[in-house]
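Visitor: just to be clear, the model below is a prediction. Sequence and coordinates:
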Amino acid sequence: MTVGHTTATRGLAPSRHVLANGLTVLSKRTPVTPAVTINASIGAGSVFDPPESSGVAHFLSKTIDRGTTSRSADQIAEALDSRGVSLATAVTRQVVSLTCTCLAEDFESILAQLADIITRPAFPAAEVNSRRSEVITLIRQDEDNPATVAVDGLMDALYGSAHPYGRKLRGTVENVEHIDGAVLHAFHQAHITPASVSLAIVGDVAPQRAVDAAGDAFLDWVASSRPEVQPASLPPAHARRALVIPMMNKAQADIAYGFTSITRNDPAYYAYWLMNHILGQYSMGGRLGDSIRERQGMAYYVFSSLDANLLPGPLMVRAGVSAANVARAVASIDAELIGLVNDGPTEQELIESKQYLIGSLPRTLETNAGIAAFLQSAEFFGLGLDYDVHVPGLLQAITRDEVHEAARRAVDPSTATVVVAGPYDGSLS
Amino acid sequence: MATAVEEQAGGASTVREHVLDNGLRVLILEVHTAPLATVWAWYRVGSKDEGPGLTGVSHWVEHMNFRGSTNIPREKVKGIIEQYGGYWNGYTWIDQTTYTETATRDALDRMLFIESERMGSCLYDPADCEAERTIIISELQGGENDPDTLLDQELTATAFRAHSYRHPTIGWLSDLQTMTRDDLYGHYRRFYVPNNATLVIVGDFDADAAMRDVVKRFGGIPAGDVGRRPQTKEPEQLGQRRVTISKDGTTAYLKIAHHAPAGDEAEFVPLLVLDAVLTGAKGVNLWASFRTPPPQRSARLYQALVNTGLASGVTGSIVPTQLPFMYTISATATEGTALDRLEDAAVAEIDRVARGGITPQELTKAKTQLRARLIFEDDSITNIAHQLGYFATIGRWQDFHALPARIDAVTVEQVAQVAARRLAPTSRTIGWFSPAAAQTPAAQTPAR
C-alpha cells in the first residue's frame, strides 16, 4: 500500500507516507479533542491557468465539490452538513486546498467524501453556471474594494499581464464567462494527479489509521503526472513607479507599495524573513507601525508581508490612510525603508524578532489546523519532517549584516512600485 | 484574600472560580496539552454603556490601554509579550471590553502583570489620545469602505430606536472628533475596577501557584463604584422597518434583522437551532466561530438563495448577548439580481419556517452541527478561555458548559414557537445597499 514511510523522532514528530500512486500523507496524532483536521493541498494554483484564461484554478476551487461522477452536489452537501462538517476550498497562486474538520468518529467517511471530490469531480453544467454568477459577483466586489484594487494594481505593475502573478487570481468577468465544464475537466486532468496531492491529517487518529484510510480512499486513483513547469522569474525593477487609481466613492485610501523578492529556497530567505519582520510585523507592525500608526496616528493598519515561494513573490507594504495623508504616508514608508537600507537593523531588533519567531512556534503548533498548515508548508518547500526542530537554529544563525544585506537587496525605495486606490486623485512621486 | 466559590468539571478539567476581596472574579483552568498559557481580562463595559456625545468611548479606551502604564513606560510596551513568543490583543463590543495574551507558560506572571497594570494605572498621555483619535477614525473609514459594514450599521440603528445597542461600537464620527482626554480617562476610571472585571487563566501551569500570583498582582487594587447604569428597554416594534443606502458601488446587499432574545433567555438556544436550519451552525464563539464557514450547503436559505443563483452567499448571525439583540440574515445579490427579487425569496423562506417550523430530520442535523462546532471551538486554550470569560461577562460562565444539554433538549415544537414569534414581520427590519441608480428605493414602493 505505501512505498515510503518516515517518522520524525523529535519535536512535533509527524509521520510521512507516500502511497503507491504517489500521493503523500502527512499525519500527526493530537488527542486533545475528538476531532480531526484534514487538509488537502494540491499543486494546481493559478500559475497553471491557461494564459488566455486566468481564473480557471479559482473557478475549479468553487466547483470541484459540486458533484462527482457518482454523487450530486446536494448529496455531497447533505453528507457533510449532517456531520457538522464544512469543507473550505481555497486557491493561491501555487495551490488549491480543501480543508475541513470533522469528529474523529466520522473520519473515514469524510475522507472518502473528500477523495471522491478530488478524484472524480463532474462539474455539472447547472452547478458551473450557478457558481459562475457567484464568481462574477466576487470579482465585482473586488472591483469595489480599494484594498484589493491596490494590491491587484501592484501585482500587475510588478509582474505584468503576461506573467501569472500579474493577473488577477479570480480572473476577469470576460474570462470567467468562457469557463465551462470542459475547461475545468481539462485543468483537473492536467494538474490534479496523485503526485500533486499532499494530505495532512491531524487530530485524534493514529498515523496508521490515517494512512489506511487514505489508502482505501485514494486506492483506485491512478493518473499520470507530468512535471509542472513554473513560469519564468522576472528581473527586478530598476526605477520607481507610481500609480493612482481614484475610487472617489470610498472613505479611505489603500496603499500597496512593493517589490519582487526571492524564492523560498534562496539562501537569503531567513535573513529576508527577519528583515520583513523587523520592518513591518513585530508587535504593532514593526518599524512601519511605530512610525505611521503609533507616532503619527495615520493608519489603523500598516504592515509588510513577504511571499517567498517557488517563484519570487512580492514583498509588500500595505496601509489604509485618509486621502489627506496619502503623500505623508508614502513619504514615511520611504523614510523607514531608507533607514533600514542605510543602517540595517539594530542588534536589539534582531534579538527581539528572533525571540518572537522562535518563541511563537508552540502557539503556531497548538491547534490541529495550525499543525496541518505547518506540515503542508514544510512539505511543499521540501523543508523536512523535522523542520520544527531546525527552524530555531536557522533563525539564530542569521547575523545583523545578513539582514542589512537583505534590506539593501530588497527594499530600496528608488526601485519601489507604489499603487494607491481610494478617494484620492492627486499625484505621487 | 481569595475565596473559592465554585468548581465545575468541564470535560477532563475543572474550572476553579475565586472572588478576591476587591470583587475581582477569577476563573482558572489547567490544560496541559501545550506549553502555553493564556490570560483574558474582561470588563463589563461596552458600547451599550455609552451616552450621547460619547459613542465609541469604550473602544477608544481599549486602544488607550495599550499605550503604557505607571510601571510599563510607553517605550517598553512594544515587545513586552512578544519576547515570550506571545500574542496580545483586545476587542470591544456591545456588552464587553476584553484583553488577551497567549504566550509560553513561563510568561504567565508577565501576562498577569500587564493586566494588573491595565486595570489600575494606564497613563492617557494627551498626545497618545490624539494619535489614537486619528487611528480610530482611520479604522472607522476603513470599515466604511465595505458596503456590508455600512449596511449593518444602518440596519442596527433602524432596528433599535431607544436602546443603546443602536449605535456602532466604534462610535459616530462626530463623537470621535470631539471627545476629550478627560472623557476617556473618566470612562476608564469608572469601569476598570476589579469588581467590574473577570480574569480568566487557562493553560499549562499549577492553578494554586497561578492563584497566588493573581493575588499578588491584583489584590491591592481597590474596588470602585461604577455607579448606576440605566438601560432604556427597547419598546416592542410595531411594524416592519426599512432602510436603503444608495451609494456608488458594484454589488447589492440585503440584510434582514429580527429582534432576538438575550443569551440567558429560554428562547435563545431554540433560535440557535433555527439559525442552523436556515443558514448552517456557526457555534457561539465571537472570537473564532466566524473564521470558519458553517456547514450550510443543505441549509434552507442557502438552497433558496445561493443554489438558485440569486445570491453569491448568505449568512446568519445570532450571538449570545446580555440583553436582547438581533438575529440578522445577510445575503449578497449576484450580478443582475434585483434586490426586491432576492428579498422576496428570502422572506418567503423566513415566512415558511415561521408558519411551519422545522422537521425532526432538520432538528437532528442542526443539533449534530452545533455539537460538532462546540467541540471544534475548544481547540486552543485561547478559545477555551474566551468562552469562559465571554459567558461570565454577559451572564454566568456556567452557561457555556450548560449549552450542550440545552441544545440536546430543544424540541421541534420549541423551534416552531420561536420561529413563529421571533420571525414575525412586525419584528423585522430590512436593509438594502443599492448600488445602481436604476433600482427603485424601497421607500418609494409602499405597496411592499
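Guide: Yes, it's here.
Visitor: give me the number of residues near A:Ala13?
Guide: A:Ala13 has 15 neighbours, counted by other C-beta atoms under 10 Å in any protein chain shown. In this view, the C-beta of every residue, glycine as well, is placed from N, C-alpha and C.
Visitor: any idea of the pLDDT on it?
Guide: Note on A:Ala13: pLDDT of 94.
Visitor: now it: closest residue in space that isn't a chain neighbour?
Guide: Excluding the flanking residues, the one nearest A:Ala13 by C-beta to C-beta, 6 or more residues apart in numbering or on different chains is A:Thr7, at 6.6 Å.
Visitor: for B:Leu278, what are phi and psi?
Guide: The phi/psi pair for B:Leu278 (degrees, to the nearest 10) reads phi -80, psi -40.
Visitor: got it, and B:Phe66?
Guide: Dihedral pair for B:Phe66: phi -110, psi 10, per degrees, to the nearest 10.
Visitor: what about the residue of chain A found nearest chain B, how many neighbours?
Guide: Among the residues of chain A, A:Gly359 lies closest to chain B, at 2.2 Å counting by C-beta to the nearest C-beta. By other C-beta under 10 Å, the residues close to A:Gly359 number 20.
Visitor: before we move on, what about A:Ser429?
Guide: Close neighbours of A:Ser429, defined as other C-beta under 10 Å, add up to 9.
Visitor: what packs against the host helix or strand of A:Leu184?
Guide: For A:Leu184, the host element (DSSP states H and E) is helix A:181-191. The contact analysis (3 or more C-beta pairs under 8 Å, 6 or more residues apart in numbering or on different chains; DSSP states H and E) places helix A:181-191 against helix A:56-63, helix A:125-143.
Visitor: the first one packs against which elements?
Guide: Counting contacts by 3+ C-beta pairs under 8 Å, 6+ apart, the secondary-structure elements packed against helix A:56-63 are strand A:88-91, strand A:96-103, helix A:125-143, helix A:181-191.
Visitor: tell me how many other residues crowd residue 286.
Guide: With no chain named, the answer covers chain A. By other C-beta under 10 Å, neighbour count at A:Gly286 equals 25.
Visitor: oops, chain B please
Guide: Neighbours of B:Leu286 (other C-beta under 10 Å): 18.
Visitor: which one is it nearest to, not counting chain neighbours?
Guide: That would be B:Val319: by C-beta to C-beta, 6+ apart, it lies 5.8 Å from B:Leu286.
Visitor: one more: B:Glu234?
Guide: Using C-beta to C-beta, 6+ apart, the nearest residue to B:Glu234 is B:His163, at 4.1 Å.
Visitor: dihedrals phi and psi, the one you found?
Guide: phi -70, psi 150.
Visitor: so who does it touch?
Guide: The contact partners of B:His163, by C-beta atoms under 8 Å, 6 or more residues apart in numbering or on different chains, come to B:48, B:231-234, B:323.
Visitor: need the pLDDT of the residue positioned nearest the centre of chain B.
Guide: Taking C-alpha atoms, centre = their mean as the criterion, B:Leu286 is the residue nearest the geometric centre of chain B, at 5.0 Å. Looking at B:Leu286, its pLDDT reads 88.
Visitor: my guess is it meets B:Asp95, correct?
Guide: No: assessed by C-beta atoms under 8 Å, B:Leu286 is found out of contact with B:Asp95, at 10.2 Å.
Visitor: got the buried residues for the one helix or strand B:Thr134 maps to?
Guide: Under the criterion DSSP H and E, the helix or strand holding B:Thr134 is helix B:126-144. The neighbour-count check on helix B:126-144 (16 or more other C-beta atoms under 10 Å in any protein chain shown) flags B:128-129, B:131-144 as buried.
Visitor: ok, and of these, which contact chain A?
Guide: Residues of those in contact with chain A (C-beta under 8 Å from any C-beta of the partner chain): B:131-142, B:144.
Visitor: quick one: the spatially most central residue of chain A from A:Ala416, how far?
Guide: Nearest to the geometric centre of chain A sits A:Thr92, at 5.1 Å (C-alpha atoms, centre = their mean). Using C-beta to C-beta, to the nearest Å, A:Thr92 is found at 24 Å from A:Ala416.
Visitor: residues from the stretch 301-429 of chain A in reach of chain B?
Guide: A:301, A:320-322, A:352, A:355-363, A:365-369, A:422.
Visitor: can you list which of those residues are found in strands?
Guide: A:301, A:320-321, A:422 (DSSP state E).
Visitor: let me know the closest of the residues you listed to A:Glu52.
Guide: If you rank these by distance to A:Glu52 using C-beta to C-beta, A:Gly422 comes first, at 31.6 Å.
Visitor: and the closest one, what are its bridge partners?
Guide: A:Pro246 (DSSP bridges).
Visitor: picking up where we left off before, quick one, what contacts the residue nearest to the centre of chain B?
Guide: Applying C-beta under 8 Å, 6+ apart, we find B:Leu286 in contact with B:93, B:319, B:386, B:390.
Visitor: for it, helix, strand, or coil?
Guide: What DSSP: H, G, I helix; E, B strand; the rest coil gives for B:Leu286 is coil.
Visitor: ok and the residue in the stretch 1-150 of chain B nearest chain A?
Guide: Nearest to chain A in the stretch 1-150 of chain B, going by C-beta to the nearest C-beta, is B:Gly85, at a distance of 2.2 Å.
Visitor: thanks again, I'm all set now.
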